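Participant: sequence and predicted structure are below.
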Amino acid sequence: MQTETNIAKFTTPLYLESGRILEPFELAYETYGEISETKDNVVLVCHALTGSHHVAGQYEGDRKPGWWDEVIGEGKAIDTTEHFVICINVLGSCYGSTGPMSDAYPSEAPYRLKFPVVTVKDMIRAQKHLLSALGIHHLKAIVGGSLGGMQALQFAVDYPNFADRIIAMAATYATRPWTIAFNKVAMEAIRRDPRFENGNYARGAFVEEGLDGLAIGRIAGHISYLSPDSMDRKFGRNYVGTDGLFELFGRYEVERYMEYNTNNFSRIFDPMSYLYLAKAVNTFNLSRGYDSLHEAILRIKAQLHLISFGGDCLFFPEEMAHIAQMMERNAQAHQYHEIESDYGHDAFLVEIEKFAHILREALK
């Protein structure tokens, strides 16, 4: 599979939904497969909150491949012998695109908390700039889960003629208070950590030891990505063999798992980026800028494929079903699939075998 990683640099201003301007800005992206002469085989994959543009394949020295490696590649659900796949790191992230710890031009100091709030609308507008720069003015499909699914839906509404198919998974039409509350735990844990220094920490400050606030916040996030049933299966009530049951800080296996994963995460992900991306999730609302959600949905011209997961405790299936019901009433082309799953929100990253056939069929 032919793979390329690049960073695109733009000197033209990006007008943000807040009224602020970002200039200049950069977007990191990765491509897989070969583009056809007519450029009619392009599939844009949008990543989730802590994902990146590295969606498939494996970098030299890495222990794990890209976050959707089971989906994208030769002979896989999104077949790179047929499709040219591109994944773009969103604005605000810490994996190569312009974010809060990037230089605030013309200085060489980071934006930090002076970085503007970016929304999902801003993210897709920036991606459209990049695609245009690559000479890509129409897409065969846009695919994404969670925050990636939000981007896919926003593309469908804001740019109705841009893609033939939209495949949105484990997403919603507007972020509800339940999810905002989970994000609040993480945001407050970061802000109140003394080492966060109100955003004035040095670049790379947490590579060695991580940031406790981000690790604690990530525990709350991780709980929301799973489900009670998946935790029962994975951990049960097993206790760490080397910890005493009557030691105050003795741990169950689920506790050790949370510690290990979240501590590692806090070393590799920038806490400022986490704040900005969580804010983008919180502010997501397809109807913003339109008279109503109904008006926003009416704009969709692409064939819409909606996939929800039964055990999703972050974006509940009824939220995706609500979009499908509106499409049904409007006689708009769509398919809705609720996957039987008790894994939780992260099922779209894990239980590939349950929906791979839907992706294949949608891309025919």
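Facilitator: Structure received.
Participant: tell me where the stretch 251-364 of the chain has strands.
Facilitator: Ranges of strands in the stretch 251-364 of the chain, per DSSP state E, counting those that start in this stretch, are 303-309, 334-339.
Participant: among those strands, which is the most enclosed?
Facilitator: strand 303-309 (a mean of 25; mean count of other Cβ atoms under 10 Å). From N, CA and C alone the C-beta is placed, and that goes for glycine too.
Participant: touching that strand from outside, list them.
Facilitator: 156, 164-170, 315-317, 319-321, 323-324, 327, 332-339, 341, 343-345, 347-348, 351, 355, 358, 362 (Cβ atoms under 8 Å, 6 or more residues apart in numbering).
Participant: among those residues, name the buried ones.
Facilitator: 156, 165-170, 315-317, 319-320, 323-324, 327, 332, 334, 336-339, 341, 343-345, 347-348, 351, 355, 358, 362 (16 or more other Cβ atoms under 10 Å).
Participant: hang on, the earlier thing: reformat the strands of the stretch 251-364 of the chain as CSV; add mean pLDDT and distance to Glu209.
Facilitator: As requested, these are exported to CSV (pLDDT from 0 to 100; distance: least, Cβ to Cβ, whole Å):
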stretch, mean pLDDT, distance to Glu209
strand 303-309, 98, 35
strand 334-339, 98, 39
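Participant: distance to Pro228 for the ones you listed - can I get that in TSV?
Facilitator: Output for the strands of the stretch 251-364 of the chain, formatted as TSV (distance: least, Cβ to Cβ, whole Å):
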stretch	distance to Pro228
strand 303-309	14
strand 334-339	18
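Participant: now for the most centrally placed residue in the chain: which residues touch it?
Facilitator: The residue lying closest to the centre of the chain (Cα atoms, centre = their mean) is Ala48, at 1.1 Å. By Cβ under 8 Å, 6+ apart, Ala48 lies in contact with 67, 144-148, 349.
Participant: kindly report the same for Leu286.
Facilitator: 153-154, 157, 173-174, 293, 296-297.
Participant: which of the residues you listed are buried?
Facilitator: 153-154, 157, 173, 293, 296-297.
Participant: could you dump those into a markdown table and include distance to Lys279 and pLDDT?
Facilitator: Listed next are these as a markdown table, based on distance: Cβ to Cβ, whole Å; pLDDT from 0 to 100:
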| residue | distance to Lys279 | pLDDT |
| --- | --- | --- |
| Leu153 | 18 | 98 |
| Gln154 | 16 | 98 |
| Val157 | 20 | 98 |
| Tyr173 | 18 | 98 |
| Leu293 | 21 | 97 |
| Ala296 | 21 | 98 |
| Ile297 | 24 | 98 |
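Participant: thanks a lot, see you next time.
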